[in-house]
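J.: Provided below for reference: sequence and predicted model.
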Amino acid sequence: DGGITQSPKYLFRKEGQNVTLSCEQNLNHDAMYWYRQDPGQGLRLIYYSQIVNDFQKGDIAEGYSVSREKKESFPLTVTSAQKNPTAFYLCASTSSFRLAPSTDTQYFGPGTRLTVL
Amino acid sequence: RKEVEQDPGPFNVPEGATVAFNCTYSNSASQSFFWYRQDCRKEPKLLMSVYSSGNEDGRFTAQLNRASQYISLLIRDSKLSDSATYLCVVTLTGGFKTIFGAGTRLFVKA
C-alpha cells in the first residue's frame, strides 16, 4: 500500500530540547511539505522540498530545520529556538511541485502531535 | 484580513438536513480551489475540487464564484458520518502557494 507515514504519533518534549519528526513516503513523489496546525487556524507551511537535496522555507520556518537526503524521507527537526512548538504537525507530498495543483492531489500523513512539557 | 476565511461554526444539524458552507478568499490570483475534510485528530483528506462550472459528487455540491471571490459546499441529506471539519483550500496562480482555511465544524445529530 502506497502512502505517507509519520512517527511518532504523539511526542512530548521538554523545554530546550530538539526533537525530530519523521516523514516517509513510498508514493515516488518528488515534492514534500511540512505544515503546522494550531486550533482555530488553517495549516501553515513550515518547509517544502521540490526535489531531493533541495528545500525551501515556508511561511513559518523559524525554529525548524529539515533535510532531504532521500526522495522518500523528509524529517523535520523542531529546535529549542521554536518558542511555541506545541501543535499538530502534518507532512504531505505531491507527485510534482504544485505548478498545476488542479491536476495533483496533495496527500497527507496521519500527523504527529507534539506537546511541550 | 485572512487570505481564506471560513465561518468556524460549529454547525449543528439533524440527520437528513441540508447544510451549506461558504468560504471567501482575498487574493484575486487564486487559481485552484478545493474542499478537504478533516476528522478529529486526523489528517485532511481531499473531498472535492471546485470548478467554475460547479461540480457535484453524490450528496455534495461545490460552487465557485470568481467575481465575488467565494466558494461554497452544499451537503444534502446529512449523515452522522458527515460530522467533521471542512477546510477550504486555495492555490495561487503558479501553484507555488496553497492556503488553507481554518475550517468549519459540522456536527450531524441523530
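T.: That came through fine. Note that the structure is predicted; figures quoted are calculated from it, not measured.
J.: Show me the beta-bridge partners of A:Gln6.
T.: With DSSP bridges as the criterion, A:Gln6 is bridged to A:Cys23.
J.: Am I right that it is in contact with A:Met32?
T.: No: between A:Gln6 and A:Met32 there is no contact under CB atoms under 8 Å: 11.4 Å. In this view, the C-beta of every residue, glycine as well, is placed from N, C-alpha and C.
J.: ok, which stretches of chain A are strands?
T.: Using DSSP state E, the strands of chain A run over residues A:4-7, A:10-13, A:19-25, A:31-37, A:44-49, A:56-57, A:64-66, A:76-78, A:87-94, A:107-108, A:112-116.
J.: For the first one, C-alpha coordinates in CSV please.
T.: Taking Å, rounded to 0.1, in the frame of the first residue of the first chain, the C-alpha atoms of strand A:4-7 are listed here in CSV:
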residue,chain,number,x,y,z
ILE,A,4,2.8,8.6,3.8
THR,A,5,3.8,7.6,7.3
GLN,A,6,4.7,9.9,10.2
SER,A,7,6.2,8.9,13.5
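J.: Can you name every helix or strand that it contacts?
T.: Packing partners of strand A:4-7 (3 or more CB pairs under 8 Å, 6 or more residues apart in numbering or on different chains; DSSP states H and E): strand A:19-25, strand A:87-94.
J.: shared neighbours, A:Gln6 and A:Met32?
T.: Shared contacts of A:Gln6 and A:Met32, defined by CB atoms under 8 Å, 6 or more residues apart in numbering or on different chains, are found at A:Cys23, A:Cys91.
J.: More neighbours: which of those two?
T.: Per other CB atoms under 10 Å in any protein chain shown, whichever of A:Gln6 and A:Met32 has more neighbours is A:Met32, with 30 against 21.
J.: quick one on the thing from earlier: weakest of the strands of chain A by average pLDDT?
T.: Confidence, taken as mean pLDDT, is least for strand A:107-108 of the strands of chain A (a mean of 88).
J.: And the contacts of that strand?
T.: A:3-4, A:25, A:27, A:29, A:90-94, B:43-45.
J.: Among those, name the buried ones.
T.: By neighbour count, with 16 or more other CB atoms under 10 Å in any protein chain shown, these hold A:Ile4, A:Gln25, A:His29, A:Leu90, A:Cys91, A:Ala92, A:Ser93, A:Thr94, B:Glu43, B:Pro44 as buried.
J.: Tell me where chain B has strands.
T.: With DSSP E as the criterion, chain B has strands spanning B:4-6, B:11-14, B:19-25, B:30-38, B:44-50, B:55-57, B:60-65, B:70-75, B:84-92, B:98-100, B:104-109.
J.: Thanks again, I'm all set now.
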